[in-house]
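[1] Sequence plus predicted model, see below.
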Amino acid sequence: MTGQTRTTTLLKVLIGAAWIDGTIQPEERQYLRNLAEQQGLKDDPELKPLLYELVQVKPEQCYQWIEDYLAEESSAAACNNLLEAISGLIYSDGSVEVEEAKLLNRIQAIEATCSTDKPSPKRILASVQKMYRHWLDRIESMA
C-alpha cells in the first residue's frame, strides 16, 4: 500500500468512525475536512462523497476499512497510530457515545494483539476489560 493509499484508507476509517454512532457531529465534520485538506485529499473522488456525507457509512464498512488499514502493517506502532487518530476524532466533539466507546475498545483489543511479543490472552482480556470499565464509568458520569 502506498503512502497516499494508506492515508486515504486512514481517512476512510476516520469517516467511518464519525458515522459509528449514526450521525456526524459538526466538530467531527470539521475535523475530517481539515484533515483531508491538510493531506491534500479534499477533492479525492473516492473520499469526496464520504466527506460531504452523500453516503452514510455503516459500522461494518468502518470495521472492514480498519482491517484493510491494518492488513498492510499490523505492528504495535501502526495500531497505536490508528487508535490515536480515532481517539482524536471521537474526542473532537467533547463526548463519547456508546458505539464510539465500543470502537475504541475494539481498536484497543487489536492493538494488544499487534505487538511483536504476542501478549497472552489473559493480558488482552484484561486490557479490554480495563478500557471497557473506563468508558462505562465515563458514560455513566455524563448521564
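    That came through fine. Numbers count the residues shown, from 1 in each chain.
[2] CA atoms only for stretch 91-101, dumped as PDB, please.
    This file holds the C-alpha atoms of stretch 91-101, laid out as PDB (Å, rounded to 0.1, in the frame of the first residue of the first chain):
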ATOM      1  CA  TYR A  91     -12.900  13.400  21.300                       C
ATOM      2  CA  SER A  92     -13.300  16.300  18.900                       C
ATOM      3  CA  ASP A  93     -16.900  16.800  19.800                       C
ATOM      4  CA  GLY A  94     -16.300  16.600  23.600                       C
ATOM      5  CA  SER A  95     -18.400  13.500  24.100                       C
ATOM      6  CA  VAL A  96     -18.100   9.800  23.700                       C
ATOM      7  CA  GLU A  97     -21.100   7.800  22.600                       C
ATOM      8  CA  VAL A  98     -21.600   4.100  23.400                       C
ATOM      9  CA  GLU A  99     -20.800   3.000  19.900                       C
ATOM     10  CA  GLU A 100     -17.700   5.100  19.800                       C
ATOM     11  CA  ALA A 101     -16.500   3.600  23.100                       C
END
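[3] burial measure for residue 11, as a count.
    The tally of other residues near residue 11 (other CB atoms under 10 Å) stands at 23. Placement of C-beta: from N, CA and C, glycine included.
[4] Residue 38 is in contact with that one, correct?
    No: contact between residue 11 and residue 38 fails when scored by CB atoms under 8 Å: they sit 10.3 Å apart.
[5] what sits against the residue nearest to the spatial centre of the chain?
    The centroid of the chain falls nearest to residue 86 when counting by CA atoms, centre = their mean (3.5 Å). Counting by CB atoms under 8 Å, 6 or more residues apart in numbering, residue 86 touches 13-14, 17, 103-104, 107.
[6] Please narrow those residues to those residing in helices.
    Judged by DSSP state H, helices contain the following of the contacts of residue 86: 13-14, 17, 103-104, 107.
[7] so where's the protein shaky on pLDDT?
    Low-confidence segments of the chain (pLDDT under 70): 1-4, 114-136, 138, 142-143.
[8] Walking through it, point out its helices one by one.
    Using DSSP H, the helices found in the chain span residues 3-19, 26-38, 48-51, 59-72, 76-91, 98-114, 121-142.
[9] Quickly note the distance from the residue nearest to the centre of the chain to residue 43.
    24 Å (CB to CB, to the nearest Å).
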